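Peer 1: Below are the sequence and a predicted model for it; my questions follow.
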Amino acid sequence: MRKILRLALLAILGAGLVAGPASAGSRIKDIVDIEGVRENMLIGYGLVVGLANSGDMLQNAPFTKQAIQSMMERLGVNTHDPTASGLIDTKNVAAVMVTARLPPFAAPGTPIDVTVSAMGDAKSLLGGTLLMTALTGADGQTYAAAQGTVQTGAISASGASGSSITRGVPTAGRIAGGAIVEQETGFNFDSMSQVRLTLRNPDFTTAHRIAEAINTAYPGTAVAENSSIVAMRPPAGQDMASFVTAVEDLDVDPEAPAKVVIDEVSGVVVMGSDVRISTVAIAQGNLTITVTETPKVSQPAPFSQGKTEVVPQSTVKIDEQKGKKLMLVGGGASLQSLITGLNALGVTPRDMISILQAIKASGALQADIEVM
């Protein structure tokens, strides 16, 4: 499996080396975000009803019982009577948290998806219906209202003896288009005199190239403030929306820093084309120590009044792979040279991780290492 993974990785890298440099032209809209144009997080607390005896146990979830009482009061059902209140005992209701993302410029009446997650000890939300729940933003205002049937996509079954089987997460689900936007965020984009583009991968060279591309098409409209921000103003007589639309389609060659990304869990190593190493010698080998226990029965001579005992017998074997020679990598070696050299040593992806970390520790790797 590791060999297949390594060969696939090298094939991808090799294809990139043959095709050309990694820094191909990209549209500005693919490498930046527009400041202020973003999603907003919404959250709400609600009740899911209609569960098949798989909801919260009210003795263990008093907040669920309080929510039921509050809802019944709003619907005109008197629950102030202590006797009646004490009779509320159902497992068909679950308290849930409802979350959603409000898209930028979403108008009232726009449907959005919501996620429903159980708060108490409910076993499953399958088949339940979320009652109308107000979704509020960080400012405490209500921006949407959610209601609908919860779809979990999970399967859960149990037997009379207590055995059960579950596939997926039955205590969390989604309602497609389950919320309706009630009000806009009030962000007036077209009235802005200046917008700022935020680079997703901050870099001074990329920011300068973006400003240069915009000024080439629209002279004197953009300036790179730093490695992350490019500020721009629309030319006279053009509105902001149409100006941003035109700017988004301009091509720019983004500059990526030399970086090596390592996933130690799966053994995946990804290196950019700008990775360089100084002159360094590399040797790699595996040492395997095997200890084998072979119990031996010791039988005493007849009439010797001795005891039959099991005597441990150990065999220790040391196996060191041969043919692992010292490899010299010249200064300024490219990614292709480095990969070719490491493959000559016959290293596995996990061995490659250790070698790259050792090269970085020696100061010979001219790139950042990011371990995931």
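Peer 2: All right, it came through fine.
Peer 1: list the contacts for Ala134?
Peer 2: Contacts for Ala134 were tallied using CB atoms under 8 Å, 6 or more residues apart in numbering; they are 44, 142, 144-145. Yep, even glycine has a C-beta here, placed from its N, CA and C like the rest.
Peer 1: Excluding covalently adjacent residues, which one is nearest to it?
Peer 2: Counting by CB to CB, 6 or more residues apart in numbering, Thr142 is the residue found nearest to Ala134 once chain neighbours are left out, at 4.7 Å.
Peer 1: same deal with Thr129?
Peer 2: Gly50 (4.9 Å).
Peer 1: Now do that neighbour, the pLDDT please.
Peer 2: Gly50 is assigned a predicted lDDT (pLDDT) of 91.
Peer 1: okay but it is in contact with Gly128, surely?
Peer 2: Yes. In terms of CB atoms under 8 Å, Gly50 counts as a neighbour of Gly128; the distance is 5.1 Å.
Peer 1: Neighbour count for those two, which is higher?
Peer 2: Counted by other CB atoms under 10 Å, Gly50 and Gly128 do not tie: Gly128 has more neighbours, with 27 against 16.
Peer 1: Quick check, the more buried one in contact with Gly148.
Peer 2: No. The pair Gly128 / Gly148 is not scored as a contact, 10.2 Å apart, by CB under 8 Å.
Peer 1: Wasn't Val270 part of a strand?
Peer 2: Yes. Counting by DSSP: H, G, I helix; E, B strand; the rest coil, Val270 is part of a strand.
Peer 1: Please verify my assumption that it contacts Val261.
Peer 2: Yes. Under the criterion of CB under 8 Å, Val270 makes contact with Val261 at 4.6 Å.
Peer 1: where does the chain have low pLDDT?
Peer 2: 1-24, 79-87, 156-164, 280-295, 297, 303-306, 310-347, 349 (pLDDT under 70).
Peer 1: Looking at the contacts of Ala134, spot the one nearest Thr171.
Peer 2: Gly44 (17.3 Å; CB to CB).
Peer 1: you'd agree that closest one is in a strand?
Peer 2: Yes. Applying three-state DSSP, one finds Gly44 inside a strand.
Peer 1: Tell me how many other residues crowd it.
Peer 2: Gly44 has 22 neighbours, counted by other CB under 10 Å.
Peer 1: roughly how far apart are it and Asp203?
Peer 2: Gly44 sits 39 Å away from Asp203 when distances are taken as CB to CB, to the nearest Å.
Peer 1: nearest residue to Pro104 other than its sequence neighbours?
Peer 2: That would be Val37: by CB to CB, 6+ apart, it lies 4.9 Å from Pro104.
Peer 1: Hmm, Phe189 and that neighbour touching each other?
Peer 2: Yes. The pair Val37 / Phe189 is scored as a contact, 6.9 Å apart, by CB under 8 Å.
Peer 1: Can you work out which residues contact both of the two?
Peer 2: In contact with both Val37 and Phe189: Phe105, using CB under 8 Å, 6+ apart.
Peer 1: okay, now Thr77: neighbour count?
Peer 2: Just so we're on the same page, residue 77 is Val rather than Thr. Neighbours around Val77, by other CB under 10 Å: 10.
Peer 1: Make 108 the first number, not 1, from now on.
Peer 2: In the new numbering, first residue 108, that becomes Val184.
Peer 1: Phi and psi next, for it.
Peer 2: Dihedral pair for Val184: phi -100, psi 120, per degrees, to the nearest 10.
Peer 1: Distance-wise, check it relative to Ser177.
Peer 2: 11 Å.
Peer 1: Can you list the neighbours in contact with stretch 304-323?
Peer 2: 135, 138-142, 328-339, 354, 357-364.
Peer 1: In which helix or strand does Lys198 reside?
Peer 2: If you go by DSSP states H and E, Lys198 is not part of any helix or strand.
Peer 1: Who are the contact partners of it?
Peer 2: 158, 160-164.
Peer 1: quick one: the helices in the stretch 208-357 of the chain?
Peer 2: With DSSP state H, counting those that start in this stretch as the definition, the stretch 208-357 of the chain shows helices at residue ranges 311-324, 347-355.
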